[in-house]
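Asks: Okay, structure incoming, though there's no sequence with it:
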Ligand code: PLP
């Protein structure tokens, strides 16, 4: 065999292709063929980026703001992020502790690469966002999944965390508000986790990308704000993709202890350099203009209405159930009552089978297997209300054939 044909590194060869993308591709093909499919897969708000942000980007272009910036992001933007973290999250960082990256994903990759290596274990509460294990693998570290319980709202408890720690544990990844479950950790829950993290001397990578998307009185708390000891062990990850509806602009960031921020800057300076200068100018405006508030409250009102509708419909379908999501824009529905059942000669063994069969019934959902929970499916409500209604009619009809 020539070297060329076996040239893939184990790292690249080991990456799991996204299950989500496979279903999305099939749904797209069906739509192209003229078949009606309601897609519940959306991972981004169905709102345009607010006009005031777009104006700032146009102004940056008109000023020819088109050159390299500092690799970690332009100083005004890092200062604005530090100010945002102080004002909204009650946590104090110097701009030097903030590194702006190509979306939350890149910020997470940087965080994992900066602190993890071969021999390290990284605890990932399950269900989990499907990218985390792939990032951990990229750093040659090992993902250790810690199952959470539906009765605890899919939130990792301090006792579960403590039990999972071994001498090899380097870090834990927390995500609140959560994708896929919509769980939002309370202050008390985070305080209990923080005590274990400090006691066991772990690092916490805290993914707060959905921070503003909380409903029904739930409050987003940044674990870094719970005291100096936990802040010293936190890599806070956030970005503008979801809350400012800027997924395509690719603006994310970490806030971290200075030595970690410097290491991340080093990595990033060679890997990608700064993110797009126009997106930085837009992000600066997004974070500093008062116009963001009204956009956000409109979007949240819309999401909350859809959330309540979808949750009530799911509750009313015999054979389906869900934990009430408090954040993000997903509902994680329990389909265990369907598993093992058959219709038309086809048995549903897991969520992947269910998602495939649902696609034939005209609804695209994301199988829970993608998030480590084969008894669930994820429905996004970042789609039109009329589509949600029609999609749930189809799901109701589908489920009635099995239960
Ligand atoms: N973290 C979670 C939990 C997400 O769901 C996503 C996007 O789907 C991200 C991070 C990454 O967001 P970005 O588009 O900024 O890379």
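Replies: Arrived safely, thanks for sending. Predicted model only: the values in this text are computed from it and were never measured.
Asks: In the stretch 1-150 of the chain, what residue spans correspond to strands?
Replies: Per DSSP state E, counting those that start in this stretch, the stretch 1-150 of the chain carries strands over the ranges 38-39, 98-101, 121-126, 142-147.
Asks: State the phi and psi torsions of the residue nearest to the spatial centre of the chain.
Replies: With distances taken as Cα atoms, centre = their mean, the residue of the chain nearest its centroid is residue 179 (5.0 Å). The phi and psi values for residue 179, taken as degrees, to the nearest 10, are phi -110, psi 120.
Asks: any idea how far residue 316 is from it?
Replies: 25 Å (Cβ to Cβ, to the nearest Å). (C-beta placed from N, C-alpha, C; glycine too.)
Asks: Equivalent analysis for residue 199, please.
Replies: 45 Å.
Asks: Low-confidence bits of the stretch 1-150 of the chain, can you list those?
Replies: For the stretch 1-150 of the chain, the stretches flagged by pLDDT under 70 are 1-5, 19-20.
Asks: before we move on, back to that, please list all residues in contact with the residue nearest to the centre of the chain.
Replies: Applying Cβ atoms under 8 Å, 6 or more residues apart in numbering, we find residue 179 in contact with 43, 129, 210, 328, 330.
Asks: Look up the closest residue to it, ignoring the ones flanking it.
Replies: residue 129 (4.9 Å; Cβ to Cβ, 6 or more residues apart in numbering).
Asks: Equivalent analysis for residue 175, please.
Replies: residue 207 (4.2 Å).
Asks: burial count for the residue in the stretch 201-350 of the chain positioned nearest to the ligand?
Replies: Across the stretch 201-350 of the chain, no residue is closer to the ligand than residue 241, which sits at 3.4 Å (Cβ to the nearest ligand atom). By other Cβ atoms under 10 Å, 22 other residues sit near residue 241.
Asks: And for it, nearest residue in space, chain neighbours not counted?
Replies: Per Cβ to Cβ, 6+ apart, closest to residue 241 is residue 247, 4.5 Å.
Asks: surely the one you found meets residue 44?
Replies: Yes. Using Cβ atoms under 8 Å, residue 247 is in contact with residue 44, at 4.2 Å.
Asks: so how far is residue 73 from the residue nearest to residue 291 when sequence neighbours are not counted?
Replies: In this structure, residue 291 finds its nearest non-sequential neighbour in residue 52, 4.2 Å apart by Cβ to Cβ, 6+ apart. Distance, residue 52 to residue 73, using Cβ to Cβ: 20 Å.
Asks: can you give me the strands in the stretch 251-400 of the chain?
Replies: Counting by DSSP E, counting those that start in this stretch, the strands of the stretch 251-400 of the chain are 252-255, 321-322, 330-334, 342-343, 346-347, 363-364, 366-367, 376-380.
Asks: what's the most buried one of those?
Replies: strand 252-255 (a mean of 29; mean count of other Cβ atoms under 10 Å).
Asks: quick one on the thing from earlier: secondary structure element holding the residue nearest to residue 241?
Replies: For residue 247, there is no enclosing helix or strand under DSSP states H and E.
Asks: got the contact list for it?
Replies: Going by Cβ under 8 Å, 6+ apart, the list of residues near residue 247 reads 43, 44, 45, 103, 241.
Asks: for residue 395, same thing?
Replies: Applying Cβ under 8 Å, 6+ apart, the residues contacting residue 395 are 317, 320, 358, 361, 363, 365.
Asks: Pretty sure the fifth one sits against residue 41.
Replies: Right, the one you point to is residue 363. No. Using Cβ under 8 Å, residue 363 makes no contact with residue 41, being 9.9 Å away.
Asks: just to revisit the earlier point, now list the buried members of the contacts of residue 395.
Replies: 317, 320, 358, 363, 365 (16 or more other Cβ atoms under 10 Å).
Asks: if we look at the ligand, which of those are close to it?
Replies: Contacts with the ligand within the buried ones among the contacts of residue 395, as defined by Cβ under 6 Å from any ligand atom: none are present.
Asks: Distance check, residue 400 against the ligand.
Replies: Distance check for residue 400 against the ligand: by Cβ to the nearest ligand atom, to the nearest Å, it reads 31 Å.
Asks: Get me the contact residues on the stretch 251-400 of the chain for the ligand.
Replies: So the stretch 251-400 of the chain meets the ligand at residue 252 (Cβ under 6 Å from any ligand atom).
Asks: Now do the helices in the stretch 251-400 of the chain.
Replies: Remark: helices assigned in the stretch 251-400 of the chain by DSSP state H, counting those that start in this stretch are 258-271, 277-288, 292-316, 351-360, 385-402.
Asks: repeat for the stretch 1-150 of the chain
Replies: 10-13, 19-32, 51-62, 75-89, 103-115, 131-138.
Asks: Redo those as JSON lines? Include mean neighbour count and distance to the ligand.
Replies: Shown next, in JSON lines, are the helices of the stretch 1-150 of the chain (neighbours: other Cβ atoms under 10 Å; distance: least, Cβ to the nearest ligand atom, whole Å):
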{"stretch": "helix 10-13", "mean neighbour count": "9", "distance to the ligand": "20"}
{"stretch": "helix 19-32", "mean neighbour count": "15", "distance to the ligand": "10"}
{"stretch": "helix 51-62", "mean neighbour count": "16", "distance to the ligand": "15"}
{"stretch": "helix 75-89", "mean neighbour count": "18", "distance to the ligand": "14"}
{"stretch": "helix 103-115", "mean neighbour count": "24", "distance to the ligand": "3"}
{"stretch": "helix 131-138", "mean neighbour count": "20", "distance to the ligand": "7"}
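Asks: Relative to residue 255, which of these is closest?
Replies: helix 75-89 (5.9 Å; Cβ to Cβ).
Asks: Who are the packing partners of the closest one?
Replies: Helix 75-89 sits against strand 98-101, strand 252-255, helix 277-288, with contacts defined as 3 or more Cβ pairs under 8 Å, 6 or more residues apart in numbering; DSSP states H and E.
Asks: could you redo the last one with a cut-off of 7 Å?
Replies: In terms of contacts (3 or more Cβ pairs under 7 Å, 6 or more residues apart in numbering; DSSP states H and E), helix 75-89 is packed against strand 98-101, helix 277-288.
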